[in-house]
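> how does the following fold in three dimensions:
(one chain, ligands or ions: 1)
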Amino acid sequence: MAPDPCYEVGMSTLTEANVEARTQAVLEAVGSEGADVDFRSALWDAGLAFVQYPQGKGGLGLAPGLQSVVERTIRAAGRSFHPLGVNVIGIGMGLPTVLTYGSDDHHAKHLKRIFTGEDIWCQMFSEPTHGSDVAGLMSRAVRDGDEWIVNGQKVWTSGAHVSRYGMLLVRTDPDVPKHKGLSYFILDMESPGVEIRPLYQITGDAEFNEVFFTDVRIPHENLLGAVGEGWRVATTTLMNERVALGGSTLPRGAGNIAFLVDLWEKRRTDLAPAAAALMRDRVTRLWVEAEVGRLTTMRARAAAASGNPGPEGSTGKLASAELNQRIWNTGMDLMGADATMHEPGYSLVREEGSGGRADYTLSKQFLRSQANTIEGGTSDIMRNILGERVLGLPGDVRVDKNVPWREIPS
Ligand SMILES: Cc1cc2nc3c(=O)[nH]c(=O)nc-3n(C[C@H](O)[C@H](O)[C@H](O)COP(=O)(O)OP(=O)(O)OC[C@H]3O[C@@H](n4cnc5c(N)ncnc54)[C@H](O)[C@@H]3O)c2cc1C
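As a prediction, the model looks like this:
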């Protein structure tokens, strides 16, 4: 895939050793006690947020594979750091979308604050009647001079309650086929007419929300891409979402699989010998699958050209969502009858912030993982994308593709 022009600026020839030394310099300047926001700010200024980004915009115009040098160096210094952690949707999806389609003013206003987590962002695509078929959505924006007036409703909006800005996809022309009548705006979530209501999940938490718009006014300058080009912009967001959700860069054996191995160590003596042998096989198989996923992500990263990911990004999303569910299912099986009760520490309180759910207990992880094969596009949709756009298999039946949106029966 040809790189996006915005990523081609300032290609330089820094080596791995240069990148490591640059990262060390940031670590020393901020100090081990330095606040996370200061550390992220310094990484951004040094071009180490995402080394493949242009110089002056969080990067150095390097090959994306060199980002692993930054992360390795930070980890070796003992500093806890997850590149997306403070603002998963903003950093994983908003940042590349604004970088690709935003003006210089958008870049100056938003990019760094997204990366530092000073401005949390959310994604407002899904609607009550349009999730997988998001291109058919119904929320409308009508132009009024230098502003657009938005009415409608979004649903499942993760983190809307803590977000300063939202990526908003709305219909601006109902008289053309569904993919062609959409536009994409940056919405200030504090605008009058935006109402956010929590939606509670099976976990007891409420990560996501319903968001209602009543005559919400958005300045025209908040448009990303041209009027009617919203589907193209949204595709960039979605492709990045799949990579953000699907690609782990943790060290070998870390993350969810570490939790499972630890649990296995604690529980195995409680099992009968035959059950223990079967369970050992299951845990081992999952460890191997986790490692294969990790190495595949690393290989894909090293080989990736600069620019936005393509449909192949759905591979990691599909595989990791299903692996996650198998890991937590196995954890519950290891707990036996104890799995029927919530453990001490299980919180039914709504999480603050937009990430960092490291304190989740096993049963909460198990319940939360049911969403993995739905959020960011269901596994069925991932298989469709991979089948059609990567393997070149015949396409899904799309009877409404060329019909004006207004004429599609709802
Ligand atoms: C935890 C979580 C967080 C979320 N956060 C956000 C967010 O921040 N912002 C946002 O905009 N959305 C968010 N979503 C919504 C998510 O993107 C949608 O739920 C998802 O795209 C599926 O849409 P749907 O729920 O309307 O299901 P539907 O589209 O109605 O699908 C129902 C079933 O039909 C299947 N199906 C549908 N179409 C096809 C097809 N063409 N081929 C084969 N099978 C098909 C699906 O796989 C599914 O099994 C979130 C969802 C979850 C669970």
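> in this protein, which helix is the longest?
Using DSSP state H, we find that the single longest helix of the chain is helix 273-303.
> nearest residue to Tyr53 other than its sequence neighbours?
Nearest residue to Tyr53, sequence neighbours excluded (CB to CB, 6 or more residues apart in numbering): Gly59, at 2.7 Å. Using the backbone N, CA and C atoms, a C-beta is placed for each residue, glycine as well.
> any idea how far the ligand is from that neighbour?
Distance, Gly59 to the ligand, by CB to the nearest ligand atom, to the nearest Å: 26 Å.
> so which elements touch the longest helix of the chain?
Counting contacts by 3 or more CB pairs under 8 Å, 6 or more residues apart in numbering; DSSP states H and E, helix 273-303 is packed against helix 67-76, helix 256-267, helix 314-335.
> buried sites along it?
279, 282-283, 286-287, 289-290, 293-294, 296-297, 300-301 (16 or more other CB atoms under 10 Å).
> please apply the same query to stretch 320-338.
320-328, 330-332, 334-335.
> tell me which residues are up against it.
The contact list for stretch 320-338, computed with CB atoms under 8 Å, 6 or more residues apart in numbering, reads 245-248, 256-257, 259-260, 263-264, 267, 270, 279, 282-283, 286, 289-290, 293, 339, 362-363, 365-366, 369-370, 372-373, 379.
> this protein: strands as residue ranges?
For the chain, the strands defined by DSSP state E occupy 121-124, 140-144, 147-154, 165-171, 182-188, 194-199, 208-219, 223-224.
> closest one to the ligand among these?
strand 121-124 (4.2 Å; CB to the nearest ligand atom).
> could you list every helix and strand in contact with that closest one?
helix 88-89, strand 165-171.
> indicate the residue of this structure located nearest to the ligand.
Closest point on the chain to the ligand, by CB to the nearest ligand atom, is Gly131, at 1.9 Å.
> ok, that residue - contacts?
Counted by CB under 8 Å, 6+ apart, Gly131 has contacts Trp156.
> need the pLDDT of it.
On pLDDT, Gly131 comes in at 96.
> the nearest residue in space to Thr296 that is not next to it in sequence: how many residues sit nearby?
What sits nearest to Thr296 in space, not counting adjacent residues and going by CB to CB, 6+ apart, is Gly316, at 7.1 Å. By the measure other CB atoms under 10 Å, the count of residues near Gly316 is 22.
> tell me the confidence at Gly316?
Note on Gly316: pLDDT of 89.
> quick one, what contacts it?
242-243, 245-247, 293, 296-297, 300.
> circling back: and the helices and strands packed on strand 121-124, which one is worst for confidence?
helix 88-89 (a mean of 94).
> can you give me how far that helix is from the chain middle?
Taking CA atoms, centre = their mean, to the nearest Å, the mean C-alpha location of helix 88-89 is offset from the chain mean by 5 Å.
> okay, now the domains of the chain?
Following automatic domain parsing, one finds the domains of the chain at 1-81, 121-234, 236-390.
> most tightly packed of those?
domain 121-234 (a mean of 19; mean count of other CB atoms under 10 Å).
> for Gly94, which non-adjacent residue is closest in space?
Nearest one to Gly94, counting by CB to CB, 6+ apart, is Trp121 at 4.1 Å.
> surely the one you found meets Asn87?
Yes - with contact defined as CB atoms under 8 Å, Trp121 reaches Asn87; the gap is 6.6 Å.
> state the distance from the residue nearest to Gln52 when sequence neighbours are not counted to Asn329.
Nearest residue to Gln52, sequence neighbours excluded (CB to CB, 6+ apart): Pro64, at 4.1 Å. As judged by CB to CB, to the nearest Å, Pro64 and Asn329 stand 33 Å apart.
> quick revisit: of the buried residues of stretch 320-338, closest to Trp156?
Proximity of the buried residues of stretch 320-338 to Trp156 (CB to CB) peaks at Ala321, which lies at 15.7 Å.
> hang on, the earlier thing: is it possible to export the strands of the chain to TSV including distance to Lys109?
As requested, the strands of the chain are arranged in TSV below (distance: least, CB to CB, whole Å):
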stretch	distance to Lys109
strand 121-124	12
strand 140-144	21
strand 147-154	18
strand 165-171	10
strand 182-188	9
strand 194-199	19
strand 208-219	12
strand 223-224	13
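> ok, which of those strands comes nearest Asp38?
Nearest of these (CB to CB): strand 121-124, 20.5 Å.
> JSON lines for the strands of the chain, including distance to the ligand?
Conversion of the strands of the chain to JSON lines gives the following (distance: least, CB to the nearest ligand atom, whole Å):
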{"stretch": "strand 121-124", "distance to the ligand": "4"}
{"stretch": "strand 140-144", "distance to the ligand": "16"}
{"stretch": "strand 147-154", "distance to the ligand": "6"}
{"stretch": "strand 165-171", "distance to the ligand": "8"}
{"stretch": "strand 182-188", "distance to the ligand": "12"}
{"stretch": "strand 194-199", "distance to the ligand": "9"}
{"stretch": "strand 208-219", "distance to the ligand": "5"}
{"stretch": "strand 223-224", "distance to the ligand": "16"}
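> pLDDT below threshold where in this protein?
Flagging of the chain using pLDDT under 70 yields the residue ranges 1-13, 247-249, 302-305, 350-359.
> quick one: name the residues of it near the ligand.
With the criterion set to CB under 6 Å from any ligand atom, the chain comes near the ligand through 122-126, 131-132, 156-158, 208, 371, 374-375, 377-378, 380-381, 384, 396.
> that older thread, make TSV out of the contacts of Gly316 and add distance to Trp405.
Formatted as TSV, the contacts of Gly316 follow (distance: CB to CB, whole Å):
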residue	distance to Trp405
Arg242	25
Val243	29
Leu245	29
Gly246	31
Gly247	34
Gly293	39
Thr296	38
Thr297	37
Ala300	36
